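A.B. asks: Any chance you could fold what I've pasted below:
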Amino acid sequence: MSAITTLEPRIVWEQFDAITQVPRPSKKEGKIIEFLIDFARRHDIEYAKDATGNVVMRKPATPGYEDHPGVVLQSHMDMVCEKNSDVEFDFERDAIRPRIDGGWVRAEGTTLGADCGIGMAAALAALIDPAVQHGPLEALFTVDEETGLTGAFGLGAGMLTGKYLINLDSEDEGELFIGCAGGIDTLATFRYEEQPAPADYTYYTARVSDLQGGHSGDDIDKGRVNSNRALARLLWSARKRFGLCLSHFDGGNLRNAIPREATALFGVPAHSKAEFEAFYERFAADLAAEFHFREPNFRISLAAAPQPATVIDATTLRNLLHAVVGLPNGVVEMSFAVPGLVETSTNLASVKFEPDRRIVVTTSQRSSVESAKEAVMQAVEAVFELAGAEVVHSDGYPGWTPNPESHLLDITVGAYRRLFAAEPKVRAIHAGLECGLFLEKYPHLEMVSFGPTLRGVHSPDERLEIATVPKFWALLLETLRTL
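C.D. replies: Okay, here's the model as predicted:
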């Protein structure tokens, strides 16, 4: 056990600490599924697992609450697996190393997995804490929320019986969420020809690093710099001026994370070496000045590199750089219906060179308005197709339409007022939640989402604010008691 198990409420932190010891990458949740089933068996809790891998646990009502409506506590098993480039860590084998850092809990050089591990921990604690008062209780743990919403899409028939669902996957204490954006991924594939790297070129490795990154829904409006776009700007300008050739580009990892790092191996004609290096110094200084206030730790570096064996053909190089530089990225439209809410956005998530002479560019689009989601998807597709790429889309997922007249919302707001003598904010979120898919399968559900405060989610800077966990736990218990 780590030091976090001494924090209060201990029953929640103990479950969270245990969860951090279990590897649980998206689409590789086998070990955490075994952990959950073992937990249910050890505590004599009824459970079921569907064909997709989702697990539900069921607890009878506490005495005197038998006639209360059933409630589902919902969280997802998987976590975003991001680490700093200088950290050795295998997310399929190694345990997360949580530590207390002032008023926060964070991990050593990796994502913490509090998204949604702290939600899982609260649900498990509610199932075993004899002091919790509740009607019939179900805890649903879904697989692969982060990369495909696979668990929500494949939720088995009859897994849920409750009338109300509390989603435990939110990241701002004091805020109650009653709606979310829908989303879709757009992937472009460029097919290139390999050519011998010209011998009369000087080669370099350029790297953009130390960006904040973050969640492509929650953090898209914070002005975070996209590493893929920043590096592509350098290559685009160098190609125009010097006739650059490119051997490799690698940037970003996850479709729902703003990319923090990108590297490229490229060459410029040897006779332009001095001129290019002077140009680079000016370009790097301009970027540092441009990003100074929103990315104070931004770094771009250039180092000499040995001549590679091959480079990509000039046509694909031109098309790739035009696409990456020309794609819309970031906030596209703010909501006129909900002031301050991002309505529509798109994220240039990753650029990857694949072994079979393919370059795959992954982007994700979000909107709380279905037609606007379609429109920004079309804009991204148009840029890719103009650049000669093959374009495919994911199945997408629906948004969750807010219901401000929900009885569950009224109960939760009342509980917050009683506990903290304050008014919670009721809002929608631009990030995607599984709730829209649950409504398609269980249209009778009333839902609300809340959680403790998380920051830096989907990046190695992910951290959980300690002081907000007791408030999160207290609100959950009071809501269950008074429903």
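
A.B. asks: Once you drop chain neighbours, what's closest to the residue lying farthest from the centre of the chain?
C.D. replies: In terms of distance from the mean C-alpha position of the chain, residue 271 ranks first, at 44.6 Å (Cα atoms, centre = their mean). Closest residue to residue 271 in three dimensions, ignoring its sequence neighbours and counting by Cβ to Cβ, 6 or more residues apart in numbering: residue 200, at 7.9 Å. Every residue, glycine included, has its C-beta placed from N, CA and C.

A.B. asks: What of residue 75?
C.D. replies: Per Cβ to Cβ, 6+ apart, closest to residue 75 is residue 119, 3.5 Å.

A.B. asks: count of neighbours near that neighbour?
C.D. replies: 28 (other Cβ atoms under 10 Å).

A.B. asks: quick one: it and residue 183, what's the gap?
C.D. replies: Applying Cβ to Cβ, to the nearest Å, the value for residue 119 to residue 183 is 20 Å.

A.B. asks: hmm, back to that, now for the residue nearest to residue 271: which residues touch it?
C.D. replies: Residue 200 makes contact with 269-271, according to Cβ atoms under 8 Å, 6 or more residues apart in numbering.

A.B. asks: I'd like to know which of these is nearest to residue 151.
C.D. replies: Minimum distance to residue 151 across these is 52.2 Å, recorded for residue 269 (Cβ to Cβ).

A.B. asks: Wait, that closest one touches residue 201, no?
C.D. replies: Yes. With contact defined as Cβ atoms under 8 Å, residue 269 counts as touching residue 201 (5.8 Å).

A.B. asks: These two: who's more crowded?
C.D. replies: With neighbours defined as other Cβ under 10 Å, residue 269 and residue 201 compare such that residue 201 has more, 22 against 16.

A.B. asks: Remind me what the longest strand anywhere in the chain packs against, helices and strands.
C.D. replies: Taking DSSP state E as the criterion, the chain has its longest strand at strand 342-354. Under the contact definition 3 or more Cβ pairs under 8 Å, 6 or more residues apart in numbering; DSSP states H and E, strand 342-354 sits against helix 227-242, strand 245-251, strand 257-258, helix 314-326, strand 330-334, strand 358-367, helix 370-386.

A.B. asks: List the contacts of stretch 4-11.
C.D. replies: Residues outside stretch 4-11 that contact it (Cβ under 8 Å, 6+ apart) are 13-14, 16-17, 98-100, 105, 125, 128-129, 466, 469-470, 473.

A.B. asks: Kindly check the end-to-end length of it for me.
C.D. replies: 11 Å (Cα to Cα, to the nearest Å).

A.B. asks: and residue 140, what are its phi and psi?
C.D. replies: phi -110, psi 130 (degrees, to the nearest 10).

A.B. asks: per-residue pLDDT, residue 401?
C.D. replies: Note for residue 401: predicted pLDDT of 84.

A.B. asks: In stretch 399-413, which residues are buried?
C.D. replies: Across stretch 399-413, burial judged by 16 or more other Cβ atoms under 10 Å covers 399-400, 402, 406, 408-409, 411-413.

A.B. asks: among those, which are in helices?
C.D. replies: With helices taken from DSSP state H, the overlap with the buried residues of stretch 399-413 comprises 408-409, 411-413.

A.B. asks: Tabulate these (a markdown table), appending distance to residue 392.
C.D. replies: A markdown table is the format used below for these (distance: Cβ to Cβ, whole Å):
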| residue | distance to residue 392 |
| --- | --- |
| 408 | 38 |
| 409 | 38 |
| 411 | 43 |
| 412 | 40 |
| 413 | 43 |
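
A.B. asks: Quickly find the element holding residue 147.
C.D. replies: Residue 147 belongs to no helix or strand when assigned by DSSP states H and E.

A.B. asks: Can you tell me how far the closest residue to it other than its chain neighbours is from residue 184?
C.D. replies: Using Cβ to Cβ, 6+ apart and skipping the chain neighbours, the partner closest in space to residue 147 is residue 26 (4.2 Å). Residue 26 is 17 Å from residue 184, where distance means Cβ to Cβ.

A.B. asks: Thanks a lot, see you next time.
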